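>>> build me a model from this:
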Amino acid sequence: MNIVMRKLYLRTFGCQMNEYDSARIVDLLTDDGEIVLTERADEADIILFNTCSVREKAQEKVFHDLGRVRALKTAKPDMIIGVGGCVASQEGEAIVKRAPYVDIVFGPQTLHHLPELIAARRQTGKPQVDIRFPEIEKFDHLPPPRVEGVSAFVSIMEGCGKYCTYCIVPYTRGKEISRPFESVLLEVADLADQGVKEITLLGQNVNAYRGQKEDGGLMDLAELLAYLSEVPGIERLRFTTSHPCEMSPALIEAFARLPKLVSHLHLPVQSGSDRVLAAMKRGYTVLEYKSIIRKLRRARPNLSITSDFIVGFPGETDDDFAATLKLVEDARFDGAFNFIYSERPGTPAANLTNIVPRDVQQARFEALQSLLDAYYQSYSAAMVDTVQRVLVTGPAAKNGAEWQARTDNNRVVNFAGAKDLIGQYVNVRVTRAFAHSLRGEWVDAS
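This is a model prediction of the structure:
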């Protein structure tokens with residue numbers, strides 16, 4: 001007897017947390033073998049959008065994408081269309097009111113209820129909405145993760161408690177809650193058994209992790225990293241994204257004593273002006289941030305530090321922006337994500353009136369990006385003629401006969417090598433530096 005498989009189309013927007021959530025959605029819905037993943041929406045039985053509300057006009061983009069699949073629903077009435085993620089949390093019932101053909105709406109903390117939501121929609125004929133913020137229960141209801149590559153994300157906490165004035169995340173992902181230590185350890189050990197060699201720990205403010213231990217005490221991120229360093233098979237550890245206020249002395253010291261912790265840290269600063277940082281409610285000064293950078297580089301002299309910046313925040317003056325450029329020159333960041341400020345409805349900053357003109361925002365963005373690119377290129381150029389230990393992740397993007405690998409400081413390097421190198425650590429001599437990647441040559445066969 002032929003079994004007709006239902007097909008799932010899943011589109012993901014936004015951050016690595018969403019990428020992780022989408023991977024777990026796939027694990028959950030395909031676990032019983034009755035649903036398979038497809039890359040074509042027009043052949044799907046279930047269409048899910050895992051959304052992000054960080055970008056400008058995110059809600060409108062979601063409704064635009066929903067409008068594009070509406071005709072598919074008309075042609076196939078039994079199709080399930082669902083919206084998850086941060087826009088779902090923010091809009092809730094309003095999504096169904098505006099787009100009645102949407103069947104389910106679910107938040108980041110309730111994705112484990114997807115099978116029940118789909119079943120309830122089919123039984124009742126009514127849209128299902130669940131955007132609650134239950135305690136961190138979803139990890140107890142998800143199947144073990146399945147991976148095909150040699151690197152993997154592991155979410156160790158949910159939500160955020162910082163409430164920066166420009167950010168919608170605390171309102172869409174809920175309060176800050178950490179996974180118990182044992183839950184994280186079991187997932188990492190399971191991934192190692194599947195051949196994963198590099199783990200990236202995820203959290204909105206990942207260094208605020210305080211996971212419960214078996215004895216009832218709490219474990220911070222530094223202690224968690226020490227335990228995970230001992231998991232057989234795991235050779236590299238990364239974590240993102242960090243908040244400067246949570247960069248504890250113990251975590252800084254971890255860069256000195258844990259060789260499996262990579263020489264790369266993403267530490268968003270957002271602005272080089274104390275006045276703007278206060279208006280953003282970031283909780284630190286530029287001097288305090290620079291002090292953290294000095295301590296980190298003392299612990300790991302070759303540490304690559306990247307950051308985030310928002311330019312054109314309401315009230316930002318020419319002097320404020322000049323202070324941001326000065327911070328970049330002082331800190332010498334090895335790259336950064338640079339954003340033009342745009343308001344998010346529901347955030348305190350949305351009520352500010354001293355708006356920076358768009359042309360001024362754009363000019364500042366371009367000036368900052370030019371400076372950031374210059375430092376990134378200088379670091380890349382300095383890597384030429386050095387030998388890097390890299391993890392081979394798969395075929396090169398532009399030449400399938402070559403390999404793509406990732407360096408300790410998070411750069412992509414392409415090189416020619418022997419067959420079947422995926423998942424191995426090899427030594428590569430960097431021969432050229434390009435705008436966004438490196439070129440190398442394989443220097444050993446061990």
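
>>> quick one: pLDDT of Ala58?
We have a pLDDT of 68 for Ala58.

>>> regarding Gly283, what is its secondary structure?
For Gly283, the assignment made with DSSP: H, G, I helix; E, B strand; the rest coil gives coil.

>>> meant to ask about Asp215
On the basis of three-state DSSP, Asp215 is classed as coil.

>>> got the contact list for it?
Residues in contact with Asp215 (C-beta atoms under 8 Å, 6 or more residues apart in numbering): none are found. In this view, the C-beta of every residue, glycine as well, is placed from N, C-alpha and C.

>>> how near is it to Ala44?
Relative to Ala44, Asp215 is positioned 47 Å away (criterion: C-beta to C-beta, to the nearest Å).

>>> bridge partners for Asn427, pull those for me.
The partner list for Asn427 in beta bridges (DSSP bridges) reads Arg389.

>>> what is the burial count for Val356?
By the criterion of other C-beta atoms under 10 Å, Val356 has 19 neighbours.

>>> list the contacts for the closest residue to it other than its chain neighbours?
Once flanking residues are discounted, Val356 sits nearest to Gly312: 4.2 Å by C-beta to C-beta, 6 or more residues apart in numbering. By C-beta under 8 Å, 6+ apart, the contact set of Gly312 is Ile340, Tyr341, Val356, Val360, Gln361, Arg364, Phe365.

>>> and if we set it to 6 Å?
Shown in contact with Gly312 (C-beta atoms under 6 Å, 6 or more residues apart in numbering): Ile340, Tyr341, Val356, Gln361, Arg364.

>>> from those residues, which land in strands?
Per DSSP state E, strands hold the following members of the contacts of Gly312: Ile340.

>>> near Arg236, how many other residues are there?
Arg236: 20 neighbours (other C-beta under 10 Å).

>>> phi and psi next, for the spatially closest residue to Glu176 that is not a sequence neighbour.
Nearest residue to Glu176 in three dimensions, chain neighbours excluded: Gly161, at 3.9 Å (C-beta to C-beta, 6+ apart). Backbone torsions of Gly161, given as degrees, to the nearest 10, read phi -120, psi 20.

>>> isn't Gly161 right up against Gly174?
No: Gly161 lies out of contact with Gly174 (C-beta atoms under 6 Å); the separation is 9.5 Å.

>>> the more surrounded of the two?
More neighbours surround Gly174 than the other of Gly161 and Gly174, with 23 against 13 (other C-beta under 10 Å).

>>> OK, contacts around the more buried one?
Taking C-beta under 6 Å, 6+ apart, we find Gly174 in contact with Gln109, Phe133, Gly159.

>>> so where's this protein shaky on pLDDT?
Along the chain, segments meeting pLDDT under 70 span 1-5, 55-58, 135-141, 445-446.

>>> kindly recompute the last result at 50.
Low-confidence segments of the chain, defined by pLDDT under 50: 1-3.

>>> residue boundaries of the helices in it?
16-29, 58-75, 86-91, 93-98, 114-124, 169-173, 181-193, 221-228, 249-257, 274-280, 286-299, 318-331, 358-382 (DSSP state H).

>>> what's the spacing between Leu327 and Lys213?
38 Å.

>>> more neighbours: those two, which one.
Set side by side, Leu327 and Lys213 show more neighbours around Leu327, with 20 against 14, by other C-beta under 10 Å.
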